[in-house]
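Colleague: need a 3D model of the following:
(chains A and B)
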Amino acid sequence: AQSVTQLDSQVPVFEEAPVELRCNYSSSVSVYLFWYVQYPNQGLQLLLKYLSGSTLVESINGFEAEFNKSQTSFHLRKPSVHISDTAEYFCAVSGVSGGYNKLIFGAGTRLAVHP
Amino acid sequence: ETGVTQSPTHLIKTRGQQVTLRCSSQSGHNTVSWYQQALGQGPQFIFQYYREEENGRGNFPPRFSGLQFPNYSSELNVNALELDDSALYLCASSLAGSDTEAFFGQGTRLTVV
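Modeller: Next up, the predicted model:
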């Protein structure tokens, strides 16, 4: 069975400070990993994904995540956050099971950026 | 803009009633998945439809059912509503395959009173 654990439910940080949102997963099969962002009263938007190849993946708005197979982690980082980054962030794993694929999400991490 | 649209955006129902939520998938996507997101939690997989048939289901009772139409749009039906069914219901469309991106709609906020 696959599962995702987001180690921090809330992360407060000051504007322009670095941030790391932690994500660990468990799976007995090859997985694809995703980070989604959810702004208040909105659906989920894909932030970045790891499918294969380079273990470091980047988004267009400065976030990056590194796939670490030995530690089964996929932590999200940003060197300098903005007020507009305040949102809920979900780590997810996808894998084929029973002939279909589905996303399994963590419980989410609320990033609160303060001025 | 993802191209996935859900309706309605909000609704309030009474316990015991039935509800139908609708989703129009992104053009060209043949797979639709539904998720339930309770307050303060991550989305939970309900089921997935591919080519008008349910091809996967999460840990939800049979009173949660769905349909997919030839144009790949989809419905989620919930019978005998319970208070715990109050949640944000998200629809996601994608192409078949585990390495493809799922595009989410804005969700339908269901409140059961």
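Colleague: chain B against chain A: which residues are in contact?
Modeller: With C-beta under 8 Å from any C-beta of the partner chain as the criterion, chain B meets chain A at residues B:2, B:4, B:6, B:33, B:35, B:40-45, B:48, B:50, B:55-56, B:58, B:90, B:92, B:97-99, B:101-107. Backbone N, C-alpha and C define where each C-beta goes, glycine included.
Colleague: at 6 Å instead, please
Modeller: B:41-43, B:45, B:48, B:55-56, B:90, B:98-99, B:101, B:104-107 (C-beta under 6 Å from any C-beta of the partner chain).
Colleague: from the residues you listed, which one has the minimum pLDDT?
Modeller: Across the set of the residues of chain B next to chain A, B:Ser98 stands lowest in pLDDT, at 58.
Colleague: tell me the contacts of the residue nearest to the spatial centre of chain B?
Modeller: The geometric centre of chain B, computed from its C-alpha atoms, lies nearest to B:Trp34 (C-alpha atoms, centre = their mean), at 3.1 Å. Contacts for B:Trp34 (C-beta atoms under 6 Å, 6 or more residues apart in numbering or on different chains) come out as B:46-47, B:76, B:91.
Colleague: quick one: which of those residues is most hemmed in?
Modeller: Ranked by neighbour count (other C-beta atoms under 10 Å in any protein chain shown), the contacts of B:Trp34 have B:Cys91 at the top, with 30 neighbours.
Colleague: give me the phi and psi for that one.
Modeller: Per-residue torsions, B:Cys91: phi -110, psi 140 (degrees, to the nearest 10).
Colleague: give me the nearest residue to it, chain neighbours excluded.
Modeller: In this structure, B:Cys91 finds its nearest non-sequential neighbour in B:Cys23, 3.4 Å apart by C-beta to C-beta, 6 or more residues apart in numbering or on different chains.
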